[in-house]
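S.K.: here is the input, now give the coordinates:
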Amino acid sequence: MTQIIPLESLRVGANEAHRAIPNAQKIPDWLKVKAGKFHQMRETDAKLREDGIVTVCQEARCPNIGECWSHSTATFMIGGENCTRNCGFCNVSTKKPLPLDPSEPARVALSAQKLGLKYVVITSVDRDDLADGGAAHWVQTIRAVREAVPGAKVEILTPDWRGNWQSLEIVAATRPDVYNHNIETVPSLYKWVRPGSDYARSLELLQRVKRFDASIKTKSGLMLGLGESWDEIVQVFHDLRAHDVDFVTIGQYLRPTPRHLPVSRYYPPAEFEKLREIAEEIGFSMVASGPFVRSSYHAGEDFARAKS
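M.R.: Below is the predicted model:
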């Protein structure tokens, strides 16, 4: 029988240590990761290191890093290595951020070119310390990538800009093929999972992108296993569609370290499949749902198979 950690046990604040709270159960067999091809992984790692590139694959301890790197794909993380938020699920450093590196856009573009990418995914840390949240840096990076890799599709995964809609429009004006902003969890868990963020603000951001340019595909992602109920998950689907979101990704939360929020429940593959069916019925043109699904995992393939 699956043990479920009571919701109250999670509500200890994302800034506090969680060593005393165990995961609900041992990692099940379906979450055991196969190693990628070492030679190709080493080549990808060498190319990224040569250009001094930071990837969210490394920083977030993504379980898919072996598979992705063995296929020469990666998600670039810009804005430095330190984030101004302290989300309870995230493994990215929360040290004081350094000034932006003006050479980073060109280095990201060069790395994308070396890897031969046809679909480029860019994300960033939150930079609440900057007046524009790093929007101008985002624009420079997107432009550099498009110049270095003509014809490549560009997907961006941005912060919420603290509700600075001018920054949002500056970035949206680059017309990325996909604008992603992850909702991450259900609203009842926001205080503990995403302190400093706001569920309604994230929904508004996604809708504003669509109203700015209806041709931009909008996308959001949800982690499961933090204490949410089934009905809450389905309600998030309805909320996202009501705000004109096209694509949704649904994956299992995996605790990066004992300092992070514990896993309340491991969802079996059959339940992810059921959620995929529900989300498709609600009207998303692309749904990726599975234990290992992450917002940028197979992003290019997902874009290609999306319903028009």
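S.K.: how about stretch 278-291 as PDB, C-alpha atoms only?
M.R.: What follows is stretch 278-291, C-alpha atoms only, in PDB (Å, rounded to 0.1, in the frame of the first residue of the first chain):
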ATOM      1  CA  ILE A 278      -7.900  13.900 -19.300                       C
ATOM      2  CA  ALA A 279      -5.700  16.800 -20.400                       C
ATOM      3  CA  GLU A 280      -6.200  16.000 -24.100                       C
ATOM      4  CA  GLU A 281     -10.000  15.900 -23.500                       C
ATOM      5  CA  ILE A 282      -9.800  19.300 -21.900                       C
ATOM      6  CA  GLY A 283      -8.300  20.700 -25.100                       C
ATOM      7  CA  PHE A 284      -4.400  20.900 -25.000                       C
ATOM      8  CA  SER A 285      -2.900  20.500 -28.400                       C
ATOM      9  CA  MET A 286       0.100  18.700 -26.900                       C
ATOM     10  CA  VAL A 287       0.300  16.700 -23.700                       C
ATOM     11  CA  ALA A 288       3.400  15.000 -22.400                       C
ATOM     12  CA  SER A 289       2.800  12.900 -19.300                       C
ATOM     13  CA  GLY A 290       5.000  10.400 -17.600                       C
ATOM     14  CA  PRO A 291       7.300   9.800 -14.600                       C
END
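S.K.: pull out the buried residues from that stretch.
M.R.: Judged by neighbour count using 16 or more other CB atoms under 10 Å, the buried positions of stretch 278-291 are Ile278, Ala279, Glu280, Phe284, Met286, Val287, Ala288, Ser289, Gly290, Pro291. C-beta coordinates here come from the backbone N, C-alpha and C atoms, glycine included.
S.K.: in helices, which of the residues you listed appear?
M.R.: Ile278, Ala279, Glu280 (DSSP state H).
S.K.: would you turn these into TSV with distance to Glu228?
M.R.: TSV is the format used below for these (distance: CB to CB, whole Å):
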residue	distance to Glu228
Ile278	14
Ala279	15
Glu280	20
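S.K.: neighbours of Ser229, how many?
M.R.: Using other CB atoms under 10 Å, the number of residues around Ser229 comes to 11.
S.K.: ok, Lys96 next?
M.R.: Around Lys96 there are 8 residues (other CB under 10 Å).
S.K.: and it, what's its pLDDT?
M.R.: Reading off the confidence values, Lys96 has pLDDT 92.
S.K.: Arg162 too?
M.R.: 95.
S.K.: who's in contact with it?
M.R.: By CB atoms under 8 Å, 6 or more residues apart in numbering, Arg162 lies in contact with Asp128, Gly133.
S.K.: so Ile156 sits in a helix?
M.R.: No - Ile156: not assigned to a helix; according to DSSP: H, G, I helix; E, B strand; the rest coil it is strand.
S.K.: so it bridges to which residues?
M.R.: Following DSSP bridges, Ile156 is listed with bridge partners Ile122, Tyr179.
S.K.: residues near it, how many?
M.R.: 24.
S.K.: ok, it - contacts?
M.R.: Contacts of Ile156 by CB under 8 Å, 6+ apart are Val121, Ile122, Thr123, Trp138, Ile142, Val171, Pro176, Val178, Tyr179, Asn180.
S.K.: Thr257 too?
M.R.: Asn91.
S.K.: now the helices: where do they sit in the stretch 101-250 of the chain?
M.R.: Remark: helices assigned in the stretch 101-250 of the chain by DSSP state H, counting those that start in this stretch are 104-114, 135-148, 165-172, 190-193, 199-212, 230-242.
S.K.: strands of the stretch 201-308 of the chain, start to end?
M.R.: Secondary structure of the stretch 201-308 of the chain (DSSP state E, counting those that start in this stretch): strands located at 217-224, 247-252, 286-289.
S.K.: could you dump those into JSON lines and include mean pLDDT?
M.R.: Shown next, in JSON lines, are the strands of the stretch 201-308 of the chain (pLDDT from 0 to 100):
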{"stretch": "strand 217-224", "mean pLDDT": "97"}
{"stretch": "strand 247-252", "mean pLDDT": "96"}
{"stretch": "strand 286-289", "mean pLDDT": "97"}
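S.K.: can you list the ones you listed in CSV and add distance to Pro150?
M.R.: Formatted as CSV, these follow (distance: least, CB to CB, whole Å):
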stretch, distance to Pro150
strand 217-224, 20
strand 247-252, 24
strand 286-289, 25
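S.K.: where in the stretch 1-150 of the chain is pLDDT low?
M.R.: 1-25, 33-74 (pLDDT under 70).
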